[in-house]
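# Just need the structure, nothing else, for what follows:
(3 chains)
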Amino acid sequence: MPELPELVNFKQYIDSTSLHQKIAQVEVLEPDILSNTDSEKLRSALEGLEFKAAAVHGKYLFLQTTDSYQLVLHFGMTGRPVYYKKEEQQPDYPRLLITFTNGYHLAFDCMRMLGKVSLISDQNKFIEEKNLGPDALKEVSSVEKFLELFSSKRGMIKTALMDQSLLAGIGNVCSDEILFQSRIHPKTPVNDLKKEQLKKIYDNMHSVLKTKIEAGLSPDGLPNSYILKHRSEGAQCPSCGSKIKKIKVGGRSAYYCPNCQKK
DNA sequence: AATATTGTTCAGCA
DNA sequence: GTGCTGAACAATAT
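Residues are numbered from 1 along each chain as shown, chains lettered A, B, ... in the order given. I've put the predicted structure just below:
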């Protein structure tokens, strides 16, 4: 589930737990999660260094070290970082385990192994190789930029919002909320959208991302007016009371209100 | 027991 | 190149 707002929360978590401590040990418990490196390379590169900063781009988290290396984490659908000290606090699915000299551990916990860990030295090069668009929050920060991105885009609006090569960070859950707040049907072709509607989507993109960041990792903190609190088939729309519908859009499940969100 | 879920990547087709 | 679909990946809940 980790989309941009969760990533920002992960960054804050790393900032407050794992920076400026010497890495004593690096254990790869599941080599399949490594993408451009191997266990031995990762170990020899990281041991003895410290993490000095964390940065987010879309759904990727970059951990910068005191050397030129950066550890890149992608959390797939079920990943999260877990910082702990005692063995009994170890999460259930640690795939990479970093131990600091203070005795604490940082685990890359990932139940379904769809997460990825890379070791890189050039962040911009990585972003280019992965063909990632600008970060939806930090880099798509004016409505003009947003309109320009979408001006040459075709296809359905939900699919476009989730297209990481167009703009990075929005997944299935956030795109549902952005379109619900905008009262726009997820299958609306981008071509058909009026400028006013695209502006509305831009505004809601920012407000949804920020609201989710402030709500933290538990959905309880979200406003009741959000569809995310009612994201199941047949649930009541928080705006009009109609039943929420589920349809397939580009192979993904989209939840929407057929009364509020018309094409 | 079959199905849905979640994000990315890749193959095949128009 | 672009858009669309479906499959694959893994493990869990229903």
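
# Just give me the neighbour total for A:Asn224.
If you count neighbours by other Cβ atoms under 10 Å, A:Asn224 ends up with 7. To be clear about C-beta, it is placed using only N, CA and C from the backbone, and glycine gets the same treatment.

# Which elements pack onto the helix or strand harbouring A:Asp203?
Using DSSP states H and E, A:Asp203 sits in helix A:195-215. With contacts defined as 3 or more Cβ pairs under 8 Å, 6 or more residues apart in numbering; DSSP states H and E, the packing partners of helix A:195-215 are helix A:4-17, helix A:143-151, helix A:157-162, helix A:172-182.

# Need the phi and psi values for the closest residue to A:Lys245 other than its chain neighbours.
Closest residue to A:Lys245 apart from its sequence neighbours, by Cβ to Cβ, 6 or more residues apart in numbering: A:Pro258 at 5.1 Å. Main-chain torsions, A:Pro258, degrees, to the nearest 10: phi -60, psi -20.

# mind listing what A:Pro258 touches?
Going by Cβ atoms under 8 Å, 6 or more residues apart in numbering, A:Pro258 touches A:Ser242, A:Lys243, A:Lys245.

# quick check, nearest of those residues to A:Val190?
A:Lys245 (21.4 Å; Cβ to Cβ).

# The closest one and DNA strand C: what is the separation?
The gap separating A:Lys245 from DNA strand C is 17 Å, by Cβ to the nearest atom of the strand, to the nearest Å.

# wait, that residue sits on A:Asn259?
No. A:Lys245 lies out of contact with A:Asn259 (Cβ atoms under 8 Å); the separation is 9.6 Å.

# what separates the residue nearest to A:Lys245 from A:Cys237, distance-wise?
9 Å (Cβ to Cβ, to the nearest Å).

# Could you name every residue contacting both of the two?
What both A:Pro258 and A:Cys237 touch, as defined by Cβ under 8 Å, 6+ apart, is the set A:Lys243.

# quick one: low-confidence parts of the stretch 1-150 of chain A?
Along the stretch 1-150 of chain A, the parts satisfying pLDDT under 70 run over A:1.

# go again using 90 as the cut-off
Low-confidence segments of the stretch 1-150 of chain A (pLDDT under 90): A:1-2, A:30-38, A:76-78, A:87-89, A:92-93, A:110-115, A:125, A:128-130.

# where does it come near DNA strand C, residue by residue?
Remark: the part of the stretch 1-150 of chain A in contact with DNA strand C comprises A:Asp32, A:Met77, A:Asp92, A:Tyr93, A:Met111, A:Arg112, A:Met113, A:Leu114, using Cβ under 7 Å from any atom of the strand.

# The stretch 151-263 of chain A too?
Residues of the stretch 151-263 of chain A lying near DNA strand C (Cβ under 7 Å from any atom of the strand): A:Lys153, A:Arg154, A:Gly155, A:Met156, A:Thr159, A:Pro189, A:Lys248, A:Gly250, A:Gly251.
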